[in-house]
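*Asks:* Starting from these lines, generate the structure:
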Amino acid sequence: MITGELKWYTVASRLEQAAYTALTDTPDRHGVVPGAIAWDACDCGMLAVSVAQVYPSEKFPDPQGEPVGACQAPWEVAEVVVQIIRCAPNPDGQSLYPSTAALDSSARQVARDAYETLRAVSLELCEMNEQRDIADYLIRPQVAQGPQGGCVGTELRALVSLPKG
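*Replies:* Alright, predicted model coming up:
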């Protein structure tokens, strides 16, 4: 079982490496990041993994219902965010909008990223669970991101449980 003060970093790092390895078109920027994932530059794309929240739980995946029970909660649950962002198509030259060919190409890239990311994260969490590195997991629905600020992509969130302590 993964333990210690860096247990959630360890989980996030393993998911980041699994997702990165699975991508057909790997971005130059990738890694585990602190806090909310910032889209500061998506020139070549970015794969970022972050731990969004951690909470005690008596019954996975439910957060602790009553404050008094938190002392006895046997589990700690983290919400891990896996995001792959690419550049969104932009108008070319004097055009006011991107071409349909550019939009189609972007849609294919985002769909491939979404598929490969979901598959890699699912397989890695399943393997971690079977090896008893983690206690349990739950994958949330994958959500499209953007286009915003010239970026577009996909986000996947998973709840992962480890023994408290």
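*Asks:* The protein: helices as residue ranges?
*Replies:* Secondary structure of the chain (DSSP state H): helices at 7-22, 100-130.
*Asks:* Please identify the deepest-packed of these.
*Replies:* Stretch with highest mean neighbour count among those: helix 7-22 (a mean of 20; mean count of other Cβ atoms under 10 Å). From N, CA and C alone the C-beta is placed, and that goes for glycine too.
*Asks:* quick one: contacts of that helix?
*Replies:* 2, 4, 26, 30-32, 47-51, 54, 78, 80, 82, 84, 116-117, 119-121, 123-125, 128, 134, 158, 160, 162 (Cβ atoms under 8 Å, 6 or more residues apart in numbering).
*Asks:* Relative to residue 122, how far out is the closest residue to residue 120 other than its chain neighbours?
*Replies:* Of all residues not flanking residue 120 in the chain, residue 22 sits nearest, at 3.5 Å (Cβ to Cβ, 6 or more residues apart in numbering). Residue 22 sits at a distance of 10 Å from residue 122 (criterion: Cβ to Cβ, to the nearest Å).
*Asks:* Geometric centre of the chain: which residue is closest?
*Replies:* By Cα atoms, centre = their mean, the mean C-alpha position of the chain lies nearest to residue 82, the distance being 1.0 Å.
*Asks:* I'd guessed that one sits against residue 117; true?
*Replies:* Yes - with contact defined as Cβ atoms under 8 Å, residue 82 reaches residue 117; the gap is 6.1 Å.
*Asks:* Name the residues contacting each of these two.
*Replies:* Common neighbours of residue 82 and residue 117 (Cβ under 8 Å, 6+ apart) are 19, 156.
*Asks:* just checking, residue 122 touches residue 139?
*Replies:* Yes - in this structure, residue 122 is within contact of residue 139 by Cβ under 8 Å, at 6.2 Å.
*Asks:* Now for the residue nearest to the centre of the chain: which residues touch it?
*Replies:* Per Cβ under 8 Å, 6+ apart, neighbours of residue 82: 15, 16, 19, 47, 48, 49, 117, 121, 155, 156, 157, 158.
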